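Test case, fold it:
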Amino acid sequence: MVSIRSTQQRGQVLRTARKQLGLTQSQLALAAGCGLRFIVDLEAGKPTLRLDGNRP
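Next up, the predicted model:
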């Protein structure tokens, strides 16, 4: 199991897993029911990204 300590590390882990599954970012977004921009930002380690889906 990987211990994730930063948003950048989280992005790297997710990108690696996506690629191991042979998925593009677009395919993952479609399968996850979210937008491509969300996947791009998630993999880039964007620190302000919200995962809970609630808007302030």
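
distance of the residue most central in space within the chain from Thr24?
The C-alpha lying nearest the average C-alpha coordinate of the chain belongs to Leu42 (CA atoms, centre = their mean; 3.5 Å). Distance, Leu42 to Thr24, by CB to CB, to the nearest Å: 14 Å. Using the backbone N, CA and C atoms, a C-beta is placed for each residue, glycine as well.

now the helices for the chain?
7-20, 25-32, 36-44 (DSSP state H).

Show me what the mean pLDDT comes to for the first one.
So the one you mean is helix 7-20. Averaged across helix 7-20, pLDDT comes to 96.

which parts of it are buried?
Thr7, Arg10, Gly11, Leu14, Arg15, Arg18 (16 or more other CB atoms under 10 Å).

With the second one instead?
Buried residues in helix 25-32, defined by neighbour count with 16+ other CB under 10 Å: Gln25, Leu28, Ala29.

picking that back up, looking at the buried residues of helix 7-20, spot the one nearest Pro47.
Nearest to Pro47 among the buried residues of helix 7-20: Thr7, at 4.9 Å, using CB to CB.

mind checking how far Thr48 is from Gln9?
16 Å.

returning to what we had before: looking at the helices of the chain, which is nearest to Met1?
helix 7-20 (10.6 Å).

any idea of the angle the closest one forms with helix 25-32?
Counting by axes from the mean of the first three to the mean of the last three CA atoms, to 10 degrees, helix 7-20 lies at 90 degrees to helix 25-32.

Please enumerate residues in contact with helix 7-20?
Val2, Ile4, Gln25, Leu28, Leu42, Glu43, Ala44, Gly45, Lys46, Pro47, Leu49 (CB atoms under 8 Å, 6 or more residues apart in numbering).

tell me which of the residues you listed is nearest to Leu36?
Nearest to Leu36 among the contacts of helix 7-20, counting by CB to CB, is Gln25 at 6.0 Å.

And that closest one, what's its pLDDT?
pLDDT recorded at Gln25 is 98.
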